[in-house]
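Trainee: Here you go, sequence then predicted model.
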Amino acid sequence: MNLIFLGPPGAGKGTMAGRLAQELGIPQISTGDIIRAAIRSQSPLGLRVKEIVESGGLVPDDLTINLVEERLKEEDARNGYILDGFPRTIVQADALGGLSKVELVINFVLSEDEIVKRLSGRRVHPASGRTYHVIFNPPKVEGKDDLSGEDLITRPDDQVDAIRTRLKVYQDQTSPLIGYYKREDLLVDLDASPAPDLVFQELLKLCGK
Ligand code: AP5
């Protein structure tokens, strides 16, 4: 199944994509995770985009399109994928249409108040991308990843100013994709406000499971 997870920052796309990927045996392709790994490794791409990402802006379309094009060629994406965080602009959506046949777009719906609560309490394990929340999804040991025991961090773009920028960027550049995929009759809404297990149950239903 070829899936897109669309929705504002902090709506739970990454959390649910990880669970669904395991359930369906298809890869979660998170452009945010790929870009953060590039920043950590100080690759040419990482050095070029570090400042943009940490302030909450979008990486240029040509770079993200190229990343996704290469990733979709990998063996594990042949039987389906979950694109988490891509496309984010009309240009990216048009490019994706030329690369692959999208089958379903899940639109995560969450209020701005809830988004801010989720992002300000988020903690991540940088190496794996595993995500926690200090209240809603705490690690077994405070500040430590459940599997590796390594330190958790707060993402630089989860600071208040960057959150504000990301919300505006979402409204201006990404939310038009809701209409775009509605017109293609591919989009379904998912209420992202309940507890994670309930959201996941609804997600499974939307995917016909
Ligand atoms: P990206 O990593 O994609 O960030 P995002 O879209 O802003 O999404 P988030 O990762 O912030 O949130 P999420 O919806 O995955 O929520 P999560 O599951 O973590 O992108 C980062 C940056 O990279 C961009 O700003 C941009 O610079 C660049 N970039 C990436 N893709 C790009 C592209 N295509 N084009 C250009 N630039 C690009 O959940 C959030 C918190 O809530 C967690 O703490 C979690 O534990 C908790 N939580 C989750 N579900 C629930 C629930 N049901 N109830 C309570 N808490 C919950």
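Mentor: Arrived safely. Residues are numbered from 1 along each chain as shown.
Trainee: use CA for all of it now, contacts and neighbours both
Mentor: OK.
Trainee: how far away is the spatially most distant residue from the centre of the chain from the ligand?
Mentor: Centroid-distance maximum for the chain: Val141 at 25.1 Å, with C-alpha atoms, centre = their mean. Using C-alpha to the nearest ligand atom, to the nearest Å, Val141 is found at 15 Å from the ligand.
Trainee: Look at that residue and report its pLDDT.
Mentor: Predicted confidence (pLDDT) for Val141: 98.
Trainee: Where does it sit: helix, strand or coil?
Mentor: Assigned with DSSP: H, G, I helix; E, B strand; the rest coil, Val141 falls in the coil class.
Trainee: now it: how far from Ser148?
Mentor: Distance, Val141 to Ser148, using C-alpha to C-alpha, to the nearest Å: 11 Å.
Trainee: now do Gly129
Mentor: Counting by C-alpha to C-alpha, the gap from Gly129 to Ser148 is 12 Å.
Trainee: Thr174 now?
Mentor: In terms of C-alpha to C-alpha, Thr174 sits 34 Å off from Ser148.
Trainee: At which residues are the helices of this structure located?
Mentor: Here the chain has its helices, by DSSP state H, at 13-24, 31-41, 44-55, 61-72, 90-99, 112-120, 160-169, 176-183, 196-206.
Trainee: could you check the angle helix 31-41 makes with the first one?
Mentor: What separates the directions of helix 13-24 and helix 31-41 is an angle of 110 degrees, with axes from the mean of the first three to the mean of the last three C-alpha atoms, to 10 degrees.
Trainee: Which positions in helix 13-24 come out as buried?
Mentor: 13-18, 20-21 (16 or more other C-alpha atoms under 10 Å).
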